[in-house]
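>>> Sequence first, predicted coordinates after that:
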Amino acid sequence: KQHMRRPKKPGCLADICDGQLYKDLAFGESDVFRITLVLNADGAPVFRSTSSSMWPALLMINELPFSQRRQPKNMILAGLWFSTEKPPMQTFLEPVVEMLLKLEETGIEVHPHGEQVAFQLTAHVLGCSVDLPARAMLQNCVQFNGYYGCCACEQPGVSIQTDGGGHVLIYPYNLECPAGPARSQKLCQEYAKQAIEQHSVVKGVKGPSWISCLTSFDFIKGMSPDYMHCALLGVAKHLLTLWTEASRCRGTYHDLRQDVSLLDERINRIEVPSEIRHKPHSISDMKHWKASEYRSWTLYYGIPVLKGILKEEYLQHFILFSEALWLLLQTAPSLEDVAMAERLLQHFCLKFAAFYGERYCTANVHHLLHFADAVRNLGPLWAHSTFPFENMIGWLGDMFHGTRDPHKQIVKAVTERQRLSTVAESVLDNGDENEHTKRFLTQMLSTGHRYKVTADMGCGHSALGKLSKSDQLSDNEVAAVYDSFPFANLSGAIVCSRVLLAGIVYSSADYVRAVRTNDYTLAFQTGDQKSKSFGFAKKYISFCRVDCSSCTQFCHHAVIVASHQLHDIQLGCDSITGATARQIHVITPTNSIKAYHTKEIMSKCVYMKFTEEQDMAFIAEIPNFEEKDL
C-alpha cells in the first residue's frame, strides 16, 4: 500500500517495486496481503582476541519507505550462526528457508493495533544482497576467484601468471558478449543435478542450494551485485591503489606517488553537506577509509581533485566509472539513464586492460557489467545495497557484553528492543501519560539527529536558531525578493540563517558554527523544469502576501542566494559513449543576488575550490538523499 500511494514517474525506477522482478510477481486483488523481502547473510568478527564471528540472516521489508526499512528496529533477524568457523550453508539455511516457505504459502495472521479485524499476510523473498564470497556460499557455487566464478553469467575466466610467479583468475572483456552468456535459474538447477550425479563442479555450480527452493525468488536475477563491495571497496579502492601504491604503479603512466601531498591538500579544502558524515580524509590515510568515503570520492570529489594531476586519458577513463555509478544511484533513474550507464561501464571495462594491464581485470571489474541489469530487475542501486545490512550487523555487535553466550545475548537484546518500540508506540497512542513521559518516549523512538526548532513557519518549514526581522536585509536582498515575489509583504517577515525543510537542514553561508560542513551550496530547478542554477544561500525568509489579511502562518518561503555563474565546460569528453561527468559543474561564485522559492531547491551540493586565487570552482550534485550516509 505504501508503494501504491507513492507517486511514480513513468519510465523511471524509483524503488525496488519498480524493478522487473517485482512486476513479475503479479500481485492481484486478493484478501491476502503480501509483502516482499530482501535477504542478507554475511559474517562479521566480534572479538579481537579470538576468531569468533557471527553470521546473521537478515530480512528487509521492501514495502516500507526506505528511511524506515533500513532502521534496525524494522529489520527481521531470521537466523544467527555464532562460531569460530564459517557456517555450512546447507545447515544454516535450512531452517531459514523452511520458515520463508511457510511465509510464502500460508503466511501469518496479523492483528493490527486498535483494529478489530485481523488479516492474513504472506511474505516473498524478492532479492538477496551480499558480497561475492557470501553469494557463492548461498548459491553453492565456486568462489569468484575460481573458473566460472561469476554467479550472473557463464564466462569462465582465464588464469594468468603474475610478475611474482603466482596465478590470478581474470575476466577478459568479451567484445561479442560483454556481460557473458547469462545464467538462468532453470539451467543452474540442471547444473546442480549434474554436479550431484557426476560428483564434480558443473559450470561453477557445486550442487543444489536451499535458496533455490523459494518459489517466488529467482536466485540468479534476484542476487544483486552489491555496489558497496564490488564498486566501492572493490573497483574504486583498486584504482586508488593502482595510482598510489609503489608495487602497482612504479614506472607507469598512472604513478601518482609524487602527487599525494597535492591531492591531500585539495581534499582537505573540500566542504561537504552534513549528510556526508565521513568528512574527506587524505589519500595517505586511505587504509582507514570506509565504503562511504570511497563513494564520496568516486561520485563527488575524485574527478575535480585528480584534474590536472592524473594524466588526461586516465582521468577520462575514471569519469566513465564515476558517471555510470552516479546515474544508477539517482533517486529515480530513467531507463535511458540505465542504458547510458551500461554503455559507460562497458567502455570502462573494455579499456581497463589497456590502461592498467590484463592482470587487474578482476571479478569486481567484470561484475560492473551486470549492474545495469540489476537495476532493471531490482531498482536503483541504493534500494538493494548492503549498506543497511552492514549497519544492522554493527548494531547487533553492540547488543552483547562479555564472551559468555553472546548469541543468546544478541537474540534477547533484539527481542527486547523491538518489543520496547511496540510498547512505547502503544503508550503514545493512548495519550494518558504526562508530557515528560511522552517526550522521553518520543526521543527514544526517534532516529537521527534531533534539532531544536525555534519557530514553526508553516508549510513544513521550521526555523533553527536566531530569528530576525526583514530590516536586517540589505537593499540588494530586498530588491531580489520583490523581483521574484512582487506580491510580498515584508513588514512582518521573519529571517533566519538555518531552516529544517522536509527533514533536511539547510544553512546560510553566514552560519559560522559548521566546520568543514557546507549546507548552503544549493542547486535549484527553475519553473521550466529544464534549466538548473546554483548558488550560496545567504538568508531564509518567510512572509505573507500584501493582499492576505487572514493568514495565521506564513504562506510563502524563500531563500536569498548569491548565484553562481555556470560555465559551459564539460570535464568528460568521450566521443564514443558521450560521457561528460554530468554530475560535476564548473562555476564561478558571483555577488549577483537572487531569490528562489524553497520549493525550487533541488538538493544540496558538494562545493570544491582548491586555491583562493582560482576564479573557478567545482560543484558536485548528490544523486539521492535516500541513503543514510551519502
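Right, received. Where do you want to start? These numbers were taken from a predicted model, which means no experiment stands behind them.
>>> I'd assumed Phe625 was in contact with Trp382.
No. Using CB atoms under 8 Å, Trp382 makes no contact with Phe625, being 10.0 Å away. C-betas here are computed from N, CA, C, even on glycine.
>>> out of the two, which sits in the busier spot?
Trp382 (25 against 17; other CB atoms under 10 Å).
>>> show me where pLDDT drops low in the stretch 301-450 of the chain?
425, 427-434, 438-439, 441-450 (pLDDT under 70).
>>> same for the helix or strand encompassing Cys605, what does it pack against?
Per DSSP states H and E, Cys605 falls inside strand 601-608. In terms of contacts (3 or more CB pairs under 8 Å, 6 or more residues apart in numbering; DSSP states H and E), strand 601-608 is packed against strand 504-507, strand 521-525, strand 617-621.
>>> Double-check that Pro112 belongs to a strand.
No. Going by DSSP: H, G, I helix; E, B strand; the rest coil, the assignment for Pro112 is coil, not a strand.
>>> wait, what's in contact with it?
By CB atoms under 8 Å, 6 or more residues apart in numbering, Pro112 lies in contact with 118-119.
>>> in the stretch 401-550 of the chain, which spans are strands?
All strands of the stretch 401-550 of the chain, identified by DSSP state E, counting those that start in this stretch, fall at 453-458, 461-469, 488-501, 504-507, 521-525, 532-545.
>>> closest one to Gln90 among those?
strand 504-507 (46.1 Å; CB to CB).
>>> List the neighbouring strands of that closest one plus their orientation.
Strand 504-507 has its sheet partners listed here by DSSP bridges as strand 488-501 (antiparallel).
>>> Compare the helices and strands packed on strand 601-608 and report which one is nearest to Val561.
strand 521-525 (7.1 Å).
>>> Could you measure from Leu420 over to Phe371?
Leu420 sits 39 Å away from Phe371, going by CB to CB, to the nearest Å.
>>> In terms of neighbours, single out the busier of those two.
Taking other CB under 10 Å, Leu420 and Phe371 do not tie; Phe371 has more neighbours (24 against 14).
>>> Tell me if I'm right that the more buried one and Asp226 touch.
No. Taking CB under 8 Å as the definition, Phe371 is not a contact partner of Asp226, at 10.1 Å.
>>> can I get the strands of the stretch 401-550 of the chain in JSON lines with mean pLDDT?
Formatted as JSON lines, these follow (pLDDT from 0 to 100):
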{"stretch": "strand 453-458", "mean pLDDT": "78"}
{"stretch": "strand 461-469", "mean pLDDT": "87"}
{"stretch": "strand 488-501", "mean pLDDT": "89"}
{"stretch": "strand 504-507", "mean pLDDT": "91"}
{"stretch": "strand 521-525", "mean pLDDT": "93"}
{"stretch": "strand 532-545", "mean pLDDT": "91"}
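>>> which one of the ones you listed lies closest to Leu378?
Of all these, strand 504-507 sits nearest to Leu378, with 26.3 Å by CB to CB.
>>> distance between that closest one and the chain's centre?
20 Å (CA atoms, centre = their mean, to the nearest Å).
>>> How about stretch 516-529?
The answer for stretch 516-529 is 20 Å, by CA atoms, centre = their mean.
>>> And stretch 246-261, by the same measure?
31 Å.
>>> Span of that stretch from start to end?
15 Å (CA to CA, to the nearest Å).
>>> List the buried residues of it.
The neighbour-count check on stretch 246-261 (16 or more other CB atoms under 10 Å) flags 248-249, 254-256, 259-260 as buried.
>>> Turn those into TSV, including secondary structure and pLDDT.
Converted to TSV, those look like this (DSSP: H, G, I helix; E, B strand; the rest coil; pLDDT from 0 to 100):
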residue	secondary structure	pLDDT
Arg248	helix	82
Cys249	helix	82
His254	coil	86
Asp255	coil	87
Leu256	coil	89
Asp259	helix	92
Val260	helix	92
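>>> and which of those residues is nearest to Leu327?
Using CB to CB, the buried residues of stretch 246-261 come closest to Leu327 at His254, 24.7 Å.
>>> Glu312 is in contact with the closest one, correct?
No. Applying CB under 8 Å as the test, His254 and Glu312 come out as separate, 11.6 Å apart.
>>> coming back round to it: specify the angle between the strand holding Cys605 and strand 617-621 in degrees.
On the basis of axes from the mean of the first three to the mean of the last three CA atoms, to 10 degrees, strand 601-608 is oriented at 140 degrees to strand 617-621.
>>> and strand 601-608 with strand 521-525, angle?
Angle, strand 601-608 to strand 521-525, by the same axes, to 10 degrees: 140 degrees.
>>> Now do strand 601-608, average pLDDT.
For strand 601-608, the mean per-residue pLDDT is 93.
>>> same question, stretch 123-141
Stretch 123-141 comes out at a mean pLDDT of 94.
>>> next one: stretch 196-216
On average, stretch 196-216 scores 94.
>>> Tabulate the CA atom coordinates of it in PDB.
The C-alpha coordinates for stretch 196-216 follow below in PDB (Å, rounded to 0.1, in the frame of the first residue of the first chain):
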ATOM      1  CA  ILE A 196      25.500 -34.400  -7.800                       C
ATOM      2  CA  GLU A 197      25.400 -37.200 -10.400                       C
ATOM      3  CA  GLN A 198      29.000 -36.600 -11.600                       C
ATOM      4  CA  HIS A 199      30.500 -35.600  -8.200                       C
ATOM      5  CA  SER A 200      32.100 -32.600  -9.800                       C
ATOM      6  CA  VAL A 201      31.600 -28.900 -10.400                       C
ATOM      7  CA  VAL A 202      29.500 -28.100 -13.500                       C
ATOM      8  CA  LYS A 203      29.900 -24.600 -14.900                       C
ATOM      9  CA  GLY A 204      30.800 -23.300 -11.500                       C
ATOM     10  CA  VAL A 205      27.800 -25.000  -9.700                       C
ATOM     11  CA  LYS A 206      28.700 -27.400  -6.900                       C
ATOM     12  CA  GLY A 207      25.200 -28.700  -6.200                       C
ATOM     13  CA  PRO A 208      21.700 -27.600  -5.200                       C
ATOM     14  CA  SER A 209      21.200 -24.700  -2.900                       C
ATOM     15  CA  TRP A 210      18.500 -24.100  -0.300                       C
ATOM     16  CA  ILE A 211      17.600 -20.700  -1.600                       C
ATOM     17  CA  SER A 212      16.500 -22.300  -4.900                       C
ATOM     18  CA  CYS A 213      13.600 -23.800  -3.000                       C
ATOM     19  CA  LEU A 214      12.000 -20.400  -2.600                       C
ATOM     20  CA  THR A 215       9.200 -20.400  -5.200                       C
ATOM     21  CA  SER A 216       9.000 -16.600  -5.700                       C
END
